[in-house]
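Student: turn this into a model:
(chains A, B, C and D)
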Protein chains: 2
Amino acid sequence: MEHFSDILMRRLDSIGPTSSVEREALQMLTGQTRAFERGQDLVREGDKPEECMLVLSGFVCSYKVLPDSSKQIVSFHVPGDIPDLHSMFVEELDFSVAATTQSTVVVISHENLRRVLKSVPELVDLFWRDTLISAAVFRTWVMAAGRLTATEHLAHIFCELSARYQAVGLSDGNTYDFPVTQQELSDALGLTPVHVNRTLQELRGKDLIEMRSGKVNILDYDRLKALANFNPNYLHIRKPIAA
Amino acid sequence: MEHFSDILMRRLDSIGPTSSVEREALQMLTGQTRAFERGQDLVREGDKPEECMLVLSGFVCSYKVLPDSSKQIVSFHVPGDIPDLHSMFVEELDFSVAATTQSTVVVISHENLRRVLKSVPELVDLFWRDTLISAAVFRTWVMAAGRLTATEHLAHIFCELSARYQAVGLSDGNTYDFPVTQQELSDALGLTPVHVNRTLQELRGKDLIEMRSGKVNILDYDRLKALANFNPNYLHIRKPIAA
DNA sequence: CGACACATTGACCAGACTCAAAGCTAGTGG
DNA sequence: CCACTAGCTTTGAGTCTGGTCAATGTGTCG
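Tutor: Numbering: from 1, shown residues only, chains lettered A, B, ... in the order given. Prediction:
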């Protein structure tokens, strides 16, 4: 029976060198596994959580809601991510996290996590590094939202997820789970669902991707990457990403 | 003669409780002061710096450049910020930092900073917290780019800077330095300079702001804030921001 | 078989872009 | 002290990407 820290370890190992000391320390983490249904919130803006959520399986996104109830998804999360690591150091969450499909999550108390971090200071570096990378991802989303066309932006998201899935060993880089509706995609891209539909058709028409029944299949990664102006440097993944 | 750690301390103090132990530790930081001219880069994407830059005076922005040489500014930095704190934990920078006006900066070696952080572990929490907040700022920029109109987005930037300047005691909330051309503003908003000009005229026409000779003057913060859908929660500033 | 949610299409609209020209303004040198 | 310049700002006119509204397909599940 594998411990849930395995996926976390795989994640941390993809962004920085880890040792057996850290591996063992992570196994001291305890937490309850919880299941969430599609559409359910894991945590909500304004909450003051005493614990963090480690995604084990499924698919989760972070989002912010505007007063007019329009929604902006600011990040997608693959298994191994801790979307609300944030809450360790700020009282009040400034965003919400929701499952886009049936997902399982381990709930780890701040206190438990703090204790483990204290016992192995090298882990602090790794987690801090993780925070820095998530900041880099947001930065890149700002660039994508500001300077890419709809088609490029969509292609960029597909490239990013391919790289991130690969980093935790959950994809060969070509096929991966993406249980997200066009409505949700539009909330991530800052577009309308109608335009997302047309944009998807364009990528399909160019034989770059397929997307159906919750899966993405990249048909030509090189051309997709070129179209998206995708440069994986911002993900700071150690192992080389398969071209 | 005040030590450069004063401004840093003011910054850290605005985001989390600090003690005299931390204050004293920060005074152990050493570094050379460097001046940068308008338009000069402090560090560049792809660099692998051995030191961080603490902004003392002036105005600095982080940006990413696309292959077609279009530019996206992803963040503005006021004195007290360390725009490339990032470089402490990732080898290669994934963005560049430039001065938009004559600025002075203290260059602190990673090694020196690491030593100080090691001696006072509470400082690690503070700096980590700083990273988390900068991630929150990026997140909010994603939302602004995706879901706000040009006018709202511009108003949002003015509100954010007002709050951040106030936090470090460099503004009463109404007037602050903003030595940024409309061209640069357009790179931050993901718009064209022409449209930024028209958008600025709209805010001026509504008697919400003035902007000239490198300064912003907010005429009606409440209305500006309402227009921008600005909610300062994401800045996680401890002291209440004057309404 | 229906119902519901999601995807797709069509027709029209608007916010932001492009290109190009003309005004300002601060700094420079005569 | 003024003319000149370079960079920044402003204006106008036409275009295009992406938005809006509304209807029609399609697929899945009870």
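Student: could you list the domains of chain A?
Tutor: Following automatic domain parsing, one finds the domains of chain A at A:5-132, A:148-235.
Student: identify the bridge partners of the residue nearest the centre of chain A.
Tutor: In chain A, the residue lying closest to the centroid (Cα atoms, centre = their mean) is A:H77, at 2.2 Å. Per DSSP bridges, the residues bridged to A:H77 are A:V60.
Student: how about the domains of chain A in CSV, adding mean pLDDT?
Tutor: Below are the domains of chain A laid out as CSV (pLDDT from 0 to 100):
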stretch, mean pLDDT
domain A:5-132, 94
domain A:148-235, 96
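Student: the strands in chain A, which residues?
Tutor: A:32-36, A:41-43, A:51-57, A:60-65, A:71-77, A:96-99, A:103-109, A:175-177, A:209-212, A:215-218 (DSSP state E).
Student: quick revisit: ok, the residue nearest to the centre of chain A touching A:S57?
Tutor: No. A:H77 is beyond contact range of A:S57, at 11.5 Å (criterion: Cβ atoms under 8 Å). For every residue, glycine as well, the C-beta is placed using N, CA and C.
Student: re the thing from before, could you dump the strands of chain A to a markdown table with distance to DNA strand D?
Tutor: What follows is the strands of chain A, written out as a markdown table (distance: least, Cβ to the nearest atom of the strand, whole Å):
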| stretch | distance to DNA strand D |
| --- | --- |
| strand A:32-36 | 17 |
| strand A:41-43 | 22 |
| strand A:51-57 | 18 |
| strand A:60-65 | 16 |
| strand A:71-77 | 12 |
| strand A:96-99 | 17 |
| strand A:103-109 | 17 |
| strand A:175-177 | 16 |
| strand A:209-212 | 8 |
| strand A:215-218 | 12 |
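Student: could these go into a markdown table alongside distance to A:V142?
Tutor: Below are these laid out as a markdown table (distance: least, Cβ to Cβ, whole Å):
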| stretch | distance to A:V142 |
| --- | --- |
| strand A:32-36 | 28 |
| strand A:41-43 | 23 |
| strand A:51-57 | 23 |
| strand A:60-65 | 14 |
| strand A:71-77 | 10 |
| strand A:96-99 | 19 |
| strand A:103-109 | 27 |
| strand A:175-177 | 24 |
| strand A:209-212 | 23 |
| strand A:215-218 | 23 |
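Student: looking at the ones you listed, spot the one closest to B:V107.
Tutor: Smallest distance to B:V107 across these (Cβ to Cβ): 32.3 Å, for strand A:71-77.
Student: and that closest one, is it in reach of DNA strand C?
Tutor: No. Against DNA strand C, strand A:71-77 shows no contacts by Cβ under 7 Å from any atom of the strand, the least distance being 13.2 Å.
Student: what about A:E37, distance to A:T101?
Tutor: Distance, A:E37 to A:T101, using Cβ to Cβ, to the nearest Å: 9 Å.
Student: between the two, which one's more packed in?
Tutor: For A:E37 versus A:T101, neighbours defined as other Cβ atoms under 10 Å in any protein chain shown are more numerous around A:T101 (17 against 10).
Student: which residue, other than its chain neighbours, is closest to the more buried one?
Tutor: Among residues not flanking A:T101 along the chain, A:P179 sits closest, at 3.7 Å (Cβ to Cβ, 6 or more residues apart in numbering or on different chains).
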